[in-house]
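Participant: Build me a structure from this.
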Amino acid sequence: MDFCDFFDTFTPNLFKYKTTQTYKSNVYCEFTNDLSDKFEVVVTLPGFSKENVSVSRSEDKLIVRAKNNNFKDFEDYEGTFDLPSGLDNPEVHYSDGVLHVVFKKELKETKLEVL
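Facilitator: Numbering: from 1, shown residues only. Got it, this is the predicted structure:
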C-alpha cells in the first residue's frame, strides 16, 4: 500500500466530490475538486517545511513547488494545475505536510422568465 492508497483509505469522504485524481509518485498525492462554490487543489507534501513550499499563479495555471526537503529519499516536487476561468485570489494553507489552495467561485445568478 503506497501513501496515496493509505490517504484514500483513511479519508474516504474528504474527497468525495473530486473530479480528477492524479498520483505523481508513491509520496505525493494531488487532488483537484471543482465544486459549484469553490475550486480547490490539495497536494500532500510530507517532509517539506512551510518555508520550502511555494505557490504561484499564472492566468490559467497554478504552480506548486517544494524544494530542499530533509529526507534524501524524497525528490523535489513540482506540479502544475489547470485552473478554470473566473477565479479570484485563493486562500493558501500548509499544515502537517498538506497544502490546500482554495479558490472561491462567485455564483452569478440570472433571473429567467417563466413562460
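
Participant: mind listing the helices in the protein by residue range?
Facilitator: 3-10 (DSSP state H).

Participant: Low-confidence regions, it specifically.
Facilitator: Residues of the chain meeting the criterion pLDDT under 70: 1-27, 69-71, 73.

Participant: Recalculate using a threshold of 50.
Facilitator: Along the chain, segments meeting pLDDT under 50 span 12-26.

Participant: Report the contact partners of the residue nearest the centre of the chain.
Facilitator: Centroid check for the chain by CA atoms, centre = their mean gives residue 41 as the closest residue, at 1.9 Å. Counting by CB atoms under 8 Å, 6 or more residues apart in numbering, residue 41 makes contact with 30, 31, 32, 62, 64, 81, 99, 100, 101. Backbone N, C-alpha and C define where each C-beta goes, glycine included.

Participant: what about 7 Å?
Facilitator: If a contact means CB atoms under 7 Å, 6 or more residues apart in numbering, then residue 41 has 32, 62, 81, 101 as its contacts.

Participant: Can you tell me the number of residues neighbouring the residue lying closest to residue 41 once chain neighbours are set aside?
Facilitator: The shortest distance from residue 41 to any non-neighbouring residue, by CB to CB, 6 or more residues apart in numbering, is to residue 101 (4.4 Å). If you count neighbours by other CB atoms under 10 Å, residue 101 ends up with 21.
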